[in-house]
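A.B. asks: no sequence for this one, just the structure:
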């Protein structure tokens with residue numbers, strides 16, 4: 001994978017974690033090299049609670065832009081409400097940052113999002129693998145936040161529609177990848 005100019009990978013080569021040949025970007029040594037805005041953002045994402053979700057507004061520029069598969073919005077307050085809404089939709093949501101490519105005023109994070117559904121099989125922890133591209137303003141606040149993840153992964157976990165989506169995925173898969 002090529003990297004943008006002035007970017008460096010923060011994870012170190014290691015055993016396969018299931019998402020490539022890198023170890024999680026969780027070592028204190030790796031994270032200590034990150035600029036403060038990156039460390040603050042990752043710490044927030046990995047420790048967000050229902051009580052701290054509204055604090056997201058402090059990480060974002062007043063006119064920050066956010067997009068994920070469900071939302072496209074502008075403003076720090078609106079982005080904070082996305083995090084609050086997450087806790088209303090699923091039980092025990094948690095982000096774990098796996099890797100980071102850090103540039104001068106931006107970072108590309110890969111992460112696992114784990115949670116439990118509120119309906120159906122509520123005991124089983126689910127996982128979605130995704131990534132975030134963040135750009136920071138001159139004050140170190142997030143001005144641009146674009147999340148990339150496959151919403152079909154989430155839909156396939158839902159009772160009813162999940163069965164249909166899994167069948168459609170099998171039908172669309174290349175013959176050699178069908179199981």
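C.D. replies: Arrived safely, thanks for sending. What you see is a predicted model, and the numbers here were worked out from it, not measured in a lab.
A.B. asks: List the contacts of stretch 138-149.
C.D. replies: Contacts to stretch 138-149, defined as Cβ atoms under 8 Å, 6 or more residues apart in numbering, come from residues 35-37, 40-41, 59-61, 63-69, 79, 106, 113, 128-137. Every residue, glycine included, has its C-beta placed from N, CA and C.
A.B. asks: could you point out which element follows the helix-or-strand element of the chain with minimal mean pLDDT?
C.D. replies: Every helix and strand of the chain was ranked by mean pLDDT, DSSP states H and E. The lowest is strand 8-9, at a mean of 48. Sequence order places helix 28-32 as the next helix or strand after strand 8-9, per DSSP states H and E.
A.B. asks: C-terminal to that following helix, what's the next element?
C.D. replies: Following helix 28-32 in sequence, per DSSP H and E, is helix 36-47.
A.B. asks: related to what we said a few turns ago, in helices only, show me the contacts of stretch 138-149.
C.D. replies: If you go by DSSP state H, these have 36-37, 40-41, 59, 79 in helices.
A.B. asks: quick one: which of these is most hemmed in?
C.D. replies: For the ones in helices among the contacts of stretch 138-149, the largest number of neighbours (other Cβ atoms under 10 Å) sits with residue 41, at 26 neighbours.
A.B. asks: Now for it: which residues touch it?
C.D. replies: Applying Cβ under 8 Å, 6+ apart, we find residue 41 in contact with 59, 107, 134, 142.
A.B. asks: let's see 7 Å
C.D. replies: By Cβ atoms under 7 Å, 6 or more residues apart in numbering, residue 41 lies in contact with 59, 134, 142.
A.B. asks: Find the residue closest to the last one in space, skipping its chain neighbours.
C.D. replies: Spelled out, it's residue 142. Distance criterion Cβ to Cβ, 6 or more residues apart in numbering; nearest residue to residue 142, sequence neighbours excluded, is residue 60 at 4.7 Å.
A.B. asks: residues near that neighbour, how many?
C.D. replies: Residue 60 is surrounded by 24 other residues when neighbours are defined as other Cβ under 10 Å.
A.B. asks: now swap in residue 96 and tell me
C.D. replies: Look at residue 96: counted by other Cβ under 10 Å, it has 15 neighbours.
A.B. asks: So it sits against residue 46, correct?
C.D. replies: Yes. Counting by Cβ atoms under 7 Å, residue 96 does reach residue 46; the two are 6.4 Å apart.
A.B. asks: any idea how far residue 113 is from residue 69?
C.D. replies: Noted for residue 113: a distance of 12 Å to residue 69, by Cβ to Cβ, to the nearest Å.
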